[in-house]
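In: with the sequence up front, the predicted model follows.
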Amino acid sequence: MENDQTTELYERFKAKLETVSGECYRVNTSIEAGELVCKVMIEKGIKNVALLKAAISDKGNFKNLIEKKGITVYTDRFREVTPEAHAGITQVNYAIAELGTLVQADADANVDQRLCSTLIPIHIALVSTVNLIPTLKETMATLHGLPQIPGFVGFITGPSRTSDIERVLTIGVHGPKQLVVVFVDEEVGEGA
């Protein structure tokens, strides 16, 4: 992707995500992503976080950066810790510009990925900018072109929203109340 096209896709994604109350940022490196994530967590008063092992967070040394800020980091036993965790950090596979949607895709239904992205009040999603795809149609073609079609594919568009309770919009009933997406331009490999 050319830089101008990447910037245009990012701006489209960000605009769509912000219309559904999501937050979106873009940084150059994994280290910058870690610093930004720490800043966001401090601003939101997060005291503990479930951190799922991923390429961006490993390269950015997130665990040490976060712990230096006095925030407890959980890196395992997610079934036990996510019900009480203030936030979860995961790396998603793709982002769809036209929808402001993130895509999780795994060979199997990765329980830890789902716990750290849906059972917590704030989901911080990391995504490699190279995996920003213009349309849903192109995303589906990408998924179908993988060597093995994923057994689990999840789409995330903003914080959890529902209007099924007396047609009143409610945030956070079936998932996180807040979604923060951080795009990282540096190529670091696949996550999650």
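Out: Good, I have the coordinates.
In: in the protein, which spans are strands?
Out: For the chain, the strands defined by DSSP state E occupy 23-27, 48-51, 72-74, 87-91, 94-96, 101-106, 122-128, 132-133, 152-156, 161-162, 170-171, 178-184.
In: and the contacts of the first one?
Out: The contact list for strand 23-27, computed with CB atoms under 8 Å, 6 or more residues apart in numbering, reads 10, 13-14, 17-18, 33, 36, 40, 129, 178-185. C-betas here are computed from N, CA, C, even on glycine.
In: 7 Å instead, please
Out: Strand 23-27 is contacted by residues 10, 13-14, 17-18, 33, 36, 129, 180-184 when judged by CB atoms under 7 Å, 6 or more residues apart in numbering.
In: burial count for Val130?
Out: Using other CB atoms under 10 Å, Val130 has 15 neighbouring residues.
In: and the contacts of strand 23-27, which of them are buried?
Out: Tyr10, Phe13, Lys14, Leu17, Ala33, Leu36, Thr129, Val180, Val181, Val182, Phe183, Val184 (16 or more other CB atoms under 10 Å).
In: thinking again about what came up before, so can I have a markdown table of the strands of the chain showing mean pLDDT?
Out: Below are the strands of the chain laid out as a markdown table (pLDDT from 0 to 100):
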| stretch | mean pLDDT |
| --- | --- |
| strand 23-27 | 96 |
| strand 48-51 | 95 |
| strand 72-74 | 96 |
| strand 87-91 | 94 |
| strand 94-96 | 96 |
| strand 101-106 | 91 |
| strand 122-128 | 94 |
| strand 132-133 | 96 |
| strand 152-156 | 86 |
| strand 161-162 | 46 |
| strand 170-171 | 42 |
| strand 178-184 | 94 |
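In: and those: which comes nearest Glu80?
Out: Closest to Glu80 of the strands of the chain, according to CB to CB: strand 72-74, at 8.6 Å.
In: the closest one: how far from the chain's middle?
Out: Centroid separation for strand 72-74 versus its chain: 17 Å, with CA atoms, centre = their mean, to the nearest Å.
In: gap between the nearest residue in space to Lys44 that is not next to it in sequence and His86?
Out: Once flanking residues are discounted, Lys44 sits nearest to Ile122: 6.3 Å by CB to CB, 6 or more residues apart in numbering. According to CB to CB, to the nearest Å, Ile122 stands 7 Å off from His86.
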